[in-house]
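Student: this one's sequence-less:
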């Protein structure tokens, strides 16, 4: 990893910070997709606007 970072002109800690953020973002995206898929299975004909409104409380913190 040191060689790759040197070639790209990056510090190793910068790479790992970026990787951690990307991993966390991917995990959150997967959780969101799972919630939406479950909702779509239970109410397949619900429109996008109603879906967003009904899921709003789950996504706001």
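Tutor: Arrived safely. None of these values were measured; they are calculated from a predicted model. Residues are numbered from 1 along each chain as shown.

Student: so where is this protein shaky, pLDDT-wise?
Tutor: 61 (pLDDT under 70).

Student: again, only using 90
Tutor: Applying pLDDT under 90 to the chain flags the ranges 1-15, 32, 35, 39, 43-44, 46-48, 50-61.

Student: Just give me the longest helix of it.
Tutor: helix 12-42 (DSSP state H).

Student: list the helices and strands that one packs on?
Tutor: Counting contacts by 3 or more CB pairs under 8 Å, 6 or more residues apart in numbering; DSSP states H and E, helix 12-42 packs against helix 2-8, helix 48-59. Where C-beta positions appear, they are placed from N, C-alpha and C, glycine not excepted.

Student: any chance of those helices in JSON lines, plus mean neighbour count and distance to residue 35?
Tutor: Conversion of those to JSON lines gives the following (neighbours: other CB atoms under 10 Å; distance: least, CB to CB, whole Å):
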{"stretch": "helix 2-8", "mean neighbour count": "10", "distance to residue 35": "36"}
{"stretch": "helix 48-59", "mean neighbour count": "10", "distance to residue 35": "6"}
